[in-house]
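Visitor: got a structure for you, letters missing:
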């Protein structure tokens, strides 16, 4: 088996999962029994979508990016640099935190498939400063990238991920003592005054077998600030519950893009992303999961256009930095329409 597929949790690990409330019959479950299977998006429908896709599913010219020296001293306030799709760097409270890095140029187990847009792949592991904490939300290929993880091995001090995802990293020879696996509502201290809590998401997992590993969002509590790291999720009541239990949030990084009505249960539509930010009590929304890969057949910039219309109608502040453009908490939202071309 190709190493890029990783490794499923061991039988001993699966036996430990058996007593968990969100695990049944060898699989993790969403809240309220919400379940999605790839068979819910039948191949015939997907083929029809492919044949009908507009030319604008990919940008007509390179995606604008900003070159930032990521090793330069960080501002005092939390600072975020987005790398396209769901990869971003958080520098806050003296820590450098990397989330869902995909720098191989492809969001798939094969280098020739699901290629990054020209311009969107402007950053690589060599551009990164030393990483204090690597945070993974789930094990899909557009969030957990084998080539990137190999390049990071030995360069990160700690990895935090949902239950079962550690099996992949152990198979890729990450030191076990660096790995922390969390169930929903479990927390770990990253540094004095810095706490990371795994929270529910409405999604699924799987590189080969489905739902053998958990998926999660996270609450990042910092001195004087609170961030929500959304991962992938369909819309549901869990957003309001998280907001009530852990919010409000100064910034929410939420999925917005690569949606399709066939898999609506596990990916929000843009208008739902705005509502999720409202449910969370987010002072500012930073939309991610777009502008780098084509995983669905909508125009590449449709997600941000739809989201901004809905956000403005709801009075939800949104910041949309370019790939590589730092955004520091407390700054005015960035709204220059750098995406405004087909």
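Guide: Now that the structure is in, tell me what you want to look at. Just so it is clear, the model here is predicted, and its values are computed rather than measured.
Visitor: mind listing residues that contact stretch 23-30?
Guide: Contacts with stretch 23-30, where a contact means Cβ atoms under 8 Å, 6 or more residues apart in numbering, come from 14, 17, 22, 35, 163-164, 200, 202-205, 210-215. (C-beta placed from N, C-alpha, C; glycine too.)
Visitor: would you list the buried entries among those?
Guide: Buried members of the contacts of stretch 23-30, scored by 16 or more other Cβ atoms under 10 Å, are 14, 17, 22, 163-164, 200, 202-205, 211-215.
Visitor: in this structure, which helix or strand is least confident?
Guide: None of the helices or strands of the chain scores lower by mean pLDDT, DSSP states H and E than helix 43-52, at a mean of 58.
Visitor: next structured bit after it?
Guide: strand 79-82 (DSSP states H and E).
Visitor: for residue 218, see how far away the spatially most central residue of the chain is.
Guide: Among the residues of the chain, the one closest to the centroid is residue 231, at 3.5 Å (Cα atoms, centre = their mean). Separation of residue 231 from residue 218 (Cβ to Cβ, to the nearest Å): 7 Å.
Visitor: joint contacts of the two?
Guide: In terms of Cβ under 8 Å, 6+ apart, residue 231 and residue 218 are both contacted by the residues residue 137.
Visitor: so the residue nearest to residue 136 when sequence neighbours are not counted is in which element?
Guide: Nearest residue to residue 136, sequence neighbours excluded (Cβ to Cβ, 6 or more residues apart in numbering): residue 161, at 4.0 Å. Per DSSP H and E, residue 161 falls inside strand 159-162.
Visitor: against which helices or strands is that strand packed?
Guide: strand 133-135, helix 166-171, strand 179-182 (3 or more Cβ pairs under 8 Å, 6 or more residues apart in numbering; DSSP states H and E).
Visitor: following the last one, which helix or strand comes up?
Guide: Scanning forward in sequence from strand 179-182 by DSSP H and E, the next helix or strand is strand 187-191.
Visitor: mean confidence for that next one?
Guide: Taken as a whole, strand 187-191 has an average pLDDT of 98.
Visitor: what helices and strands are in contact with it?
Guide: Against strand 187-191 (3+ Cβ pairs under 8 Å, 6+ apart) you get strand 95-99, strand 194-199.
Visitor: give me the contact list for the first one.
Guide: Spelled out, that is strand 95-99. With Cβ under 8 Å, 6+ apart, strand 95-99 has contacts from 74, 86-91, 128-137, 152, 156, 190-191, 194, 220, 229, 253.
Visitor: residue boundaries of the helices in the stretch 151-300 of the chain?
Guide: Secondary structure of the stretch 151-300 of the chain, counting by DSSP state H, counting those that start in this stretch: helices at 166-171, 238-246, 270-280.
Visitor: quick one: the second one to strand 194-199, angle?
Guide: The reference is to helix 238-246. For helix 238-246 against strand 194-199, the angle by axes from the mean of the first three to the mean of the last three Cα atoms, to 10 degrees is 140 degrees.
Visitor: angle of helix 238-246 against helix 270-280?
Guide: Going by the same axes, to 10 degrees, helix 238-246 makes 20 degrees with helix 270-280.
Visitor: oh, and call the first residue 797 from now on, that's how I've got it
Guide: With 797 as the first residue, the last one maps to helix 1034-1042.
Visitor: buried residues in helix 1034-1042?
Guide: For helix 1034-1042, a neighbour-count test (16+ other Cβ under 10 Å) marks 1034, 1035, 1036, 1037, 1038, 1039, 1042 as buried.
Visitor: following the helix ranked longest in the chain, which helix or strand shows up next?
Guide: As assigned by DSSP state H, the longest helix anywhere in the chain is helix 1098-1110. Where DSSP H and E defines the elements, the next helix or strand beyond helix 1098-1110 is strand 1123-1124.
Visitor: so how far is that following strand off the chain centroid?
Guide: Taking the mean of its C-alpha atoms, strand 1123-1124 sits 18 Å from the chain's own mean (Cα atoms, centre = their mean, to the nearest Å).
Visitor: check stretch 1015-1028 too.
Guide: How far stretch 1015-1028 lies from its chain's middle: 13 Å, per Cα atoms, centre = their mean.
Visitor: ends of it, how far apart?
Guide: With Cα to Cα, to the nearest Å as the measure, the first residue of stretch 1015-1028 is 14 Å from its last.
Visitor: give the buried residues for that stretch.
Guide: 1015, 1016, 1017, 1018, 1021, 1022, 1023, 1024, 1025, 1026, 1027, 1028.
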